[in-house]
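**Q** okay, structure incoming, though there's no sequence with it:
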């Protein structure tokens, strides 16, 4: 993997690469672009003082996010509003420039954990001063934003406009795109938790950055393999690589499937199905973030770790 700095004075290199990738897409084809692959705390994470990312931006990764773009209409949407939202908008501008109108045409939130919604603060009057940006959220998430400061101020000042979602009900967008929320089992202290199915004119993507376990989704009536069979690419929760990753802690009860668990579960699928998997939402401790044995194991299983800047035509 090329070690390309993703911040600082060499950010222009990433922007150039993103623009080159965009030029390779059919001019009018909608696409998804990966804007971040890290767990909520990003990489490096606060308090990890020895992490190389503090001095070498090549070892930095932004918090998990996707951008969705329809070149024909100029539409742009974000999946998640992360603490890295300002830089992620720069990256989105690199592949889908916009000189007027709102920064984005909407934001789709998965849940109320810090890496997934706190970037909404940058839409407020202290920063962007956005006007009426649609924020798509499930009912409990919507109520949380309306009734808890500082998010309620965004609603009151009309920086955002809350749009309530319903499980399994598609939201139509421009360019033949649609986005469908899918309830998933995960810690629900303040809101429901969803993943998303993103459908374009020709292809579709699955985005599940957080889930407790695949067998709990089975118990709820949805099998990963069945959903995987209906999409062309699947961005799946990969917070931790394997048990033992965090020294001194029993990780067996951590509310995320290990990468090794997902690889084992899907091992008997045809190669074309396994090739759809892109692991995302990696904790700063996850060895699959970097070249080495863990990354090699993922690739040997016929799967991939998502790369920031990668684009998938829909």
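**A** Received it, and whenever you're ready, just let me know what you need. For clarity, every value in this text was computed on a predicted model and none was experimentally measured.

**Q** secondary structure element holding residue 235?
**A** Residue 235 is located in strand 233-237, with elements delineated by DSSP states H and E.

**Q** which other helices and strands contact that strand?
**A** Contact here means 3 or more C-beta pairs under 8 Å, 6 or more residues apart in numbering; DSSP states H and E; on that basis strand 233-237 packs against strand 204-208, helix 224-228, strand 277-280. In this view, the C-beta of every residue, glycine as well, is placed from N, C-alpha and C.

**Q** hmm, 10 Å instead?
**A** On a contact count with 3 or more C-beta pairs under 10 Å, 6 or more residues apart in numbering; DSSP states H and E, strand 233-237 meets strand 31-36, strand 194-199, strand 204-208, helix 224-228, helix 259-266, strand 277-280, strand 311-313.

**Q** for the ones you listed, give me CSV that also has mean pLDDT, distance to residue 151 and mean neighbour count.
**A** Output for the helices and strands packed on strand 233-237, formatted as CSV (pLDDT from 0 to 100; distance: least, C-beta to C-beta, whole Å; neighbours: other C-beta atoms under 10 Å):
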stretch, mean pLDDT, distance to residue 151, mean neighbour count
strand 31-36, 98, 21, 25
strand 194-199, 98, 18, 24
strand 204-208, 98, 22, 24
helix 224-228, 97, 31, 16
helix 259-266, 97, 33, 19
strand 277-280, 98, 25, 25
strand 311-313, 97, 31, 18
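
**Q** what about the strand holding residue 235, average pLDDT?
**A** Over the span of strand 233-237, the pLDDT mean works out to 97.

**Q** what distance separates it from the centre of its chain?
**A** Centroid separation between strand 233-237 and its chain, computed with C-alpha atoms, centre = their mean, to the nearest Å, is 9 Å.

**Q** rewinding a little: including distance to residue 58, could the helices and strands packed on strand 233-237 go into JSON lines?
**A** Below are the helices and strands packed on strand 233-237 laid out as JSON lines (distance: least, C-beta to C-beta, whole Å):
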{"stretch": "strand 31-36", "distance to residue 58": "15"}
{"stretch": "strand 194-199", "distance to residue 58": "29"}
{"stretch": "strand 204-208", "distance to residue 58": "26"}
{"stretch": "helix 224-228", "distance to residue 58": "32"}
{"stretch": "helix 259-266", "distance to residue 58": "22"}
{"stretch": "strand 277-280", "distance to residue 58": "19"}
{"stretch": "strand 311-313", "distance to residue 58": "21"}
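
**Q** and of those, who's closest to residue 124?
**A** Closest approach to residue 124 among the helices and strands packed on strand 233-237 (C-beta to C-beta): strand 31-36, 20.2 Å.

**Q** that closest one: how far from the chain's middle?
**A** 8 Å.

**Q** what about residue 94, which helix or strand?
**A** Assigned by DSSP H and E, residue 94 falls in helix 85-95.

**Q** how about that helix: buried residues?
**A** For helix 85-95, burial by neighbour count (16 or more other C-beta atoms under 10 Å) applies to 85, 87-89, 91-95.

**Q** so what strands line up beside the very next helix or strand once past it?
**A** Using DSSP H and E, the helix or strand that follows helix 85-95 in sequence is strand 106-108. Here strand 106-108 is paired, per DSSP bridges, with strand 75-79 (parallel), strand 133-137 (parallel).

**Q** now do the following helix or strand past strand 106-108: which elements does it pack against?
**A** Using DSSP H and E, the helix or strand that follows strand 106-108 in sequence is helix 114-117. Here helix 114-117 touches helix 139-147, going by 3+ C-beta pairs under 10 Å, 6+ apart.

**Q** in the helix it packs on, which residues are buried?
**A** Using 16+ other C-beta under 10 Å as the burial criterion, the residues of helix 139-147 that qualify are 140-142, 144-145.

**Q** can I get these in CSV including pLDDT and distance to residue 210?
**A** Listed next are the buried residues of helix 139-147 as CSV, based on pLDDT from 0 to 100; distance: C-beta to C-beta, whole Å:
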residue, pLDDT, distance to residue 210
140, 96, 15
141, 96, 13
142, 97, 18
144, 96, 16
145, 97, 18
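
**Q** residue 182: what's it in contact with?
**A** Shown in contact with residue 182 (C-beta atoms under 10 Å, 6 or more residues apart in numbering): 110, 167-168, 193-197, 206-208, 217, 222, 227.

**Q** now it: how far from residue 58?
**A** As judged by C-beta to C-beta, to the nearest Å, residue 182 and residue 58 stand 34 Å apart.

**Q** name the nearest residue to residue 285, sequence neighbours excluded.
**A** Residue nearest to residue 285 in three dimensions, not counting chain neighbours: residue 245, with 5.3 Å by C-beta to C-beta, 6 or more residues apart in numbering.
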